[in-house]
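Enquirer: Sequence first, then the predicted structure:
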Amino acid sequence: MKRTAVAGLALALAATAVFATAPAQAQRAPAAAKMPPVTIYHLEGRRSERIVWLMEELGLPYTLEFKPADMAGTAASLRAINPAMPVFPTVKYGDQVFVESGAIIDTIISRHAPGKLEPALNSPDYPYHRMWMHYAEGSLASRVIADYRVWQIQPPTARAALVDSEQVVQFAEDYLGKHPWFGGSQFSAADIMMVFPLNFAMQLNVVDKNQFPKINAWKAKIEARPGYQRMIAKARPKGMIGNLNPLPKHAPPGPRPAPAAAAPKR
Ligand SMILES: N[C@@H](CCC(=O)N[C@@H](CS)C(=O)NCC(=O)O)C(=O)O
């Protein structure tokens with residue numbers, strides 16, 4: 001074994017030993033820091049709902065900035081604060097302005113709600129919680145939205161050779177077949193991250209929603225949460241606006257071609 005590999009193994013074993021033997025006190029979450037004023041720039045039905053929902057679940061104060069049922073007015077106030085990257089959510093946190101819902105959630109939890117809405121660092125659920133936190137934007141939203149846009153130009157007639165929208169949603173469905181939440185045994189911020197892209201995929205017919213019973217059952221549990229219902233009441237007081245059109249038809253189900261057969265020959 002190479003020296004670096006041995007060193008890596010020793011480090012991994014040491015880390016495992018720390019998690020396995022550290023007294024409960026040492027694993028306790030650090031104290032929550034005082035939170036600066038938080039303003040969430042929001043548009044109905046968009047990813048900014050993640051942050052509103054997070055704050056509702058945590059019982060933290062925030063100001064919601066949008067003009068209900070007025071897309072142009074809402075866009076104008078967003079552009080005024082964040083002309084370089086006008087996306088929802090944008091958050092004003094004290095005197096800092098930043099974007100990326102996952103980063104916003106991580107910052108709020110790490111600083112102001114440590115240990116909440118995430119499994120314990122040393123639990124088996126933790127790596128999967130982190131995976132879904134990133135999967136929501138990194139694999140799921142990116143593929144589903146790319147497919148939605150491409151399919152509006154030219155609907156597919158067959159499955160992709162490698163990973164397509166059906167498969168990225170199926171991966172989530174399979175996890176929910178074995179775990180009640182994307183946080184594992186408990187609801188976590190990963191569940192908050194996953195709602196938007198799964199709704200996008202299923203409501204806009206990027207996939208056939210009837211093929212994913214576990215996700216549908218999970219969505220029913222999500223929608224029954226008081227924190228989710230408070231978010232909907234505050235974030236969509238006049239309902240949804242700017243709805244996208246569903247695709248007329250999702251990719252036909254059927255076997256995926258073997259990657260080797262589909263790969264271009266060199
Ligand atoms: N990865 C970002 C995506 C933000 C994003 O693209 N938000 C959409 C709304 S859901 C948006 O503002 N789009 C405006 C545009 O692309 O022009 C996040 O998770 O916050």
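Expert: Here it is on my side, so go on. Numbers count the residues shown, from 1 in each chain.

Enquirer: Find the residue closest to T63 in space, skipping its chain neighbours.
Expert: In space, and not counting its chain neighbours, T63 is closest to T39: 4.4 Å by C-beta to C-beta, 6 or more residues apart in numbering. Glycine gets a C-beta too; all of them are placed from N, C-alpha and C.

Enquirer: Would you mind measuring from that neighbour to F66?
Expert: 11 Å (C-beta to C-beta, to the nearest Å).

Enquirer: Of these two, which one has the most company?
Expert: Under the criterion of other C-beta atoms under 10 Å, the comparison of T39 against F66 puts F66 first, with 23 against 15.

Enquirer: Secondary structure element for the residue in the stretch 151-266 of the chain that the ligand sits nearest to, which one?
Expert: For the stretch 151-266 of the chain, the residue closest to the ligand is F196, as judged by C-beta to the nearest ligand atom, at 6.8 Å. Using DSSP states H and E, F196 maps to helix 189-203.

Enquirer: which residue sits closest to V87 in space, ignoring its chain neighbours?
Expert: Nearest to V87 is V99, by C-beta to C-beta, 6+ apart, at 5.5 Å.

Enquirer: At the contact with the ligand, which residues of this protein appear?
Expert: R46, R47, V87, F88, P89, V99, E100, S101, G102, E137 (C-beta under 6 Å from any ligand atom).

Enquirer: which one of these sits closest to D125?
Expert: Nearest to D125 among those, counting by C-beta to C-beta, is G102 at 17.7 Å.

Enquirer: Was I right to think the closest one contacts R130?
Expert: No. Under the criterion of C-beta atoms under 8 Å, G102 makes no contact with R130, lying 10.3 Å away.

Enquirer: more neighbours, the two?
Expert: For G102 versus R130, the count of surrounding residues by other C-beta under 10 Å is larger for G102: 18 against 15.

Enquirer: quick one: pLDDT of that one?
Expert: Note on G102: pLDDT of 98.

Enquirer: Q154 too?
Expert: Q154 is assigned a pLDDT of 83 by the prediction.

Enquirer: can you give me the helices in the protein?
Expert: 3-21, 48-58, 71-81, 101-112, 125-135, 142-153, 165-176, 189-203, 213-223, 226-235, 259-262 (DSSP state H).

Enquirer: Please identify which of the ones you listed is closest to N245.
Expert: If we rank the helices of the chain by C-beta to C-beta, the stretch that ends up nearest is helix 142-153, at 8.3 Å.

Enquirer: quick one on the thing from earlier: number of residues surrounding the residue of the stretch 151-266 of the chain closest to the ligand?
Expert: F196 has 21 nearby residues by other C-beta under 10 Å.

Enquirer: thought it was touching I145?
Expert: No. With contact defined as C-beta under 8 Å, F196 and I145 do not form a contacting pair (10.3 Å).

Enquirer: In this structure the residue nearest to T63 contacts P89, no?
Expert: No. Assessed by C-beta under 8 Å, T39 is found out of contact with P89, at 10.3 Å.

Enquirer: From S185, how far out is the residue in the stretch 101-250 of the chain positioned nearest to the ligand?
Expert: Closest approach between the stretch 101-250 of the chain and the ligand, counting by C-beta to the nearest ligand atom: S101, at 3.7 Å. From S101 over to S185 the distance is 24 Å, taken as C-beta to C-beta.
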